[in-house]
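1. generate a structure from the sequence data that follows.
(one chain, ligands or ions: 1)
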Amino acid sequence: MKKFISNKEDTLLKAMEVINKNQHGVTFVVDINNKLCGVITDGDIRRALLDNYKLDSKINKIMKDDFIFAYEGDSIKEKLDMCNRITPIVNRKMEIIDYFEYKHRLHFPITEPDLIGNEYKYLTDAFLSSFISSGGEYVNKFERNFSKYISKKYGVSTSNGTTALHLALLALDIKEGDEVIVPDLTFAATINAVLHAKATPVIVDIEKDSWCISPDEIQKAITLKTKAIIPVHIYGQPCDMDSIMNLAKINNLYVIEDCAEAHGAKYKNKKVGSFGDISCFSFFGNKILTTGEGGMCLTDSDFLNERMRVLRDHGMSKSKKYWHDMIGYNYRLTNIQAAVGFAQLEKIELVLKNREKYESMYRSVLKCVNGIKFQENNLKHRKKVTWLVPVILEDEKRMKVLVNKLKGLGLESRPFFYPLSMMEIYKKYTFSNKESLRLSGMGLLLPVYSNLSRLDNIRMKLINFNNIK
Ligand SMILES: *Cc1c(COP(=O)(O)O)cnc(C)c1O
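-> The predicted structure is shown next:
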């Protein structure tokens with residue numbers, strides 16, 4: 001403690017020496033009885049000198065009565081709001097016994113699951129039921145309610161979004177020699193699932209305005225080997241489903257929707273995931289609805305529903321135990337995870353509204369940044385949802401400045417996905433990639449949460465955001 005202590009009769013020069021030594025920018029001032037009577041920072045001394053005090057002026061001349069300190073036993077949580085970098089802790093006799101240092105800067109991660117609904121309740125219920133594997137009521141309830149929410153007949157839950165995509169491809173009997181069209185701008189899981197099924201992915205370019213897969217490019221890429229299209233509703237933006245479904249119909253192709261980032265988004269007032277032969281969702285921890293890890297395949301087809309259930313469960317016959325007609329997988333979701341998902345689904349409307357508020361906030365406070373562009377939210381027939389908030393800034397240098405400024409404020413940001421066609425392992429599957437390459441490096445995702453607890457914090461941080469030179 002000694003390195004922090006000055007006496008109130010000391011000079012400003014002496015106080016500066018103490019501060020200089022402790023390197024914490026602050027000194028605790030005690031009286032003749034060793035009781036705390038003030039806290040002086042290097043800033044206080046600087047202001048005093050500018051105010052015509054001299055280096056040999058006494059500290060007690062510049063001391064204020066309302067300095068901040070804490071009693072031993074005080075709750076730190078209550079003090080945090082008002083505390084300085086370094087706060088002395090005293091006993092009831094005002095003798096300094098310790099200090100605490102406020103190092104923890106408020107940090108805003110890119111996102112965080114919101115688990116303050118019935119998650120814990122249902123989770124405990126599932127746990128206590130002892131059905132902690134894939135048997136149990138929550139799996140059925142979650143599948144039923146989620147498929148109903150999207151307006152599909154069946155829901156087949158899976159261990160994650162990637163296994164959902166793989167399961168969909170397997171159920172549609174897509175195999176070696178088949179071509180599957182995927183967009184260049186997506187998370188790698190989309191193309192990996194195609195490769196896991198031993199089919200050949202065909203990477204096509206995105207639309208300039210929506211950043212979703214381009215129907216024109218799909219059309220050009222279709223060959224006699226093409227079996228399916230996987231449109232990805234990227235960053236919550238619905239794909240042009242009319243054009244895609246039309247192409248699929250004309251060319252006799254399957255459509256597997258990748259809805260991992262777009263729970264609740266709509267095209268022509270119908271939810272995404274209600275269009276394809278099978279649609280796949282992810283419930284990973286950073287998605288709009290989460291089960292920790294998890295996924296689901298939705299379909300209207302009795303046949304595909306049955307087939308996916310068998311394939312997800314080791315290929316085991318549903319009528320004859322331990323009899324296998326197909327080489328299956330273990331892709332099941334657990335009852336515990338489903339319990340969390342079931343609770344998440346109860347509040348999805350509120351969650352979507354809350355997330356949208358973050359987006360509106362960013363749109364209004366960041367509009368002063370020259371050249372900043374937000375994701376299109378006015379495209380015909382398309383009602384996007386807010387997953388994270390994507391923005392683009394064409395100038396790479398200014399993008400770096402923006403990232404660093406956000407970082408300085410404790411705000412995490414993420415770059416866009418690299419286009420698949422840029423990566424060595426996927427390059428050879430490229431059909432077209434002009435727009436996706438142009439967009440690459442220009443995009444940044446901003447933090448969004450499912451509840452509003454951080455909305456004003458972030459607004460306050462950004463409100464003084466000046467333009468970036
Ligand atoms: C997250 C994501 C996936 C994969 O989901 P996991 O649950 O992480 O396996 C697939 N596609 C897209 C577009 C995603 O964002």
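2. what sits closest to the residue most central in space within the chain if chain neighbours are left out?
-> Centre of the chain computed as the mean C-alpha position; nearest residue by C-alpha atoms, centre = their mean is residue 111, 3.5 Å away. Distance criterion C-beta to C-beta, 6 or more residues apart in numbering; nearest residue to residue 111, sequence neighbours excluded, is residue 286 at 5.0 Å. All C-beta spots, glycine's among them, are computed from the backbone N, C-alpha and C.
3. surely that neighbour meets residue 110?
-> Yes: with contact defined as C-beta atoms under 8 Å, residue 286 reaches residue 110; the gap is 7.1 Å.
4. after the lowest-mean-pLDDT helix or strand in the chain, which helix or strand is next?
-> Taking mean pLDDT, DSSP states H and E as the measure, the chain has helix 76-80 as its least confident helix or strand, at a mean of 63. Downstream of helix 76-80, the first helix or strand assigned by DSSP states H and E is strand 86-90.
5. list the helices and strands the helix or strand that that following strand is followed by packs on?
-> Downstream of strand 86-90, the next assigned helix or strand under DSSP H and E is strand 96-101. Contacts defined by 3 or more C-beta pairs under 8 Å, 6 or more residues apart in numbering; DSSP states H and E place strand 96-101 against strand 26-30, strand 86-90.
6. can you do 6 Å?
-> strand 86-90 (3 or more C-beta pairs under 6 Å, 6 or more residues apart in numbering; DSSP states H and E).
7. what pairs with the strand it packs on, parallel or antiparallel?
-> Applying DSSP bridges, strand 86-90 is found paired with strand 70-71 (parallel), strand 96-101 (antiparallel).
8. quick one: which of the ones you listed is nearest residue 213?
-> Between residue 213 and the strands paired with strand 86-90, the shortest gap by C-beta to C-beta is with strand 96-101, which sits at 51.4 Å.
9. and the closest one, how far out from the chain middle?
-> 37 Å (C-alpha atoms, centre = their mean, to the nearest Å).
10. cool, stretch 436-446 as well?
-> Centre-to-centre, stretch 436-446 and its host chain are 17 Å apart (C-alpha atoms, centre = their mean).
11. same check, this time on stretch 198-208
-> Put simply, stretch 198-208 sits 25 Å off its chain's centre (C-alpha atoms, centre = their mean).
12. got it, and stretch 163-175?
-> With C-alpha atoms, centre = their mean, you get 27 Å for stretch 163-175.
13. ok, back up a step: reformat the strands paired with strand 86-90 as a markdown table; add mean neighbour count, mean pLDDT and distance to residue 297.
-> Shown next, in a markdown table, are the strands paired with strand 86-90 (neighbours: other C-beta atoms under 10 Å; pLDDT from 0 to 100; distance: least, C-beta to C-beta, whole Å):
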| stretch | mean neighbour count | mean pLDDT | distance to residue 297 |
| --- | --- | --- | --- |
| strand 70-71 | 16 | 87 | 55 |
| strand 96-101 | 15 | 84 | 51 |
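14. using CSV, please lay out those together with distance to residue 167.
-> Converted to CSV, the strands paired with strand 86-90 look like this (distance: least, C-beta to C-beta, whole Å):
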stretch, distance to residue 167
strand 70-71, 56
strand 96-101, 52
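15. out of those, flag the one nearest residue 455.
-> Of all the strands paired with strand 86-90, it is strand 96-101 that lies closest to residue 455, at 28.6 Å by C-beta to C-beta.
16. name the SS class of residue 165, please.
-> Assigned by DSSP: H, G, I helix; E, B strand; the rest coil, the conformation of residue 165 is helix.
17. pretty sure it contacts residue 192?
-> No: here residue 165 lies out of contact with residue 192, judged by C-beta atoms under 6 Å, at a distance of 8.2 Å.
18. what about those two, which has more around it?
-> residue 165 (30 against 17; other C-beta atoms under 10 Å).
19. and the strands in the stretch 51-200 of the chain, which stretches?
-> 70-71, 86-90, 96-101, 154-158, 179-183, 200-204 (DSSP state E, counting those that start in this stretch).
20. how many other residues sit next to residue 357?
-> Neighbours of residue 357 (other C-beta under 10 Å): 14.
21. does it lie in a helix or a strand, and which?
-> Short version, using DSSP H and E: residue 357 is in helix 348-365.
22. same question for that helix, mean pLDDT?
-> For helix 348-365, mean pLDDT is 97.
23. in it, what counts as buried?
-> Across helix 348-365, burial judged by 16 or more other C-beta atoms under 10 Å covers 348, 351-352, 354-356, 358-359, 361-362, 365.
24. neighbouring strands - and their directions - for the helix or strand following that helix?
-> Proceeding N to C from helix 348-365, the next assigned helix or strand is strand 373-374, under DSSP H and E. Note on strand 373-374: by DSSP bridges, its sheet partners are strand 389-392 (antiparallel).
25. I am finished for the moment; much appreciated.
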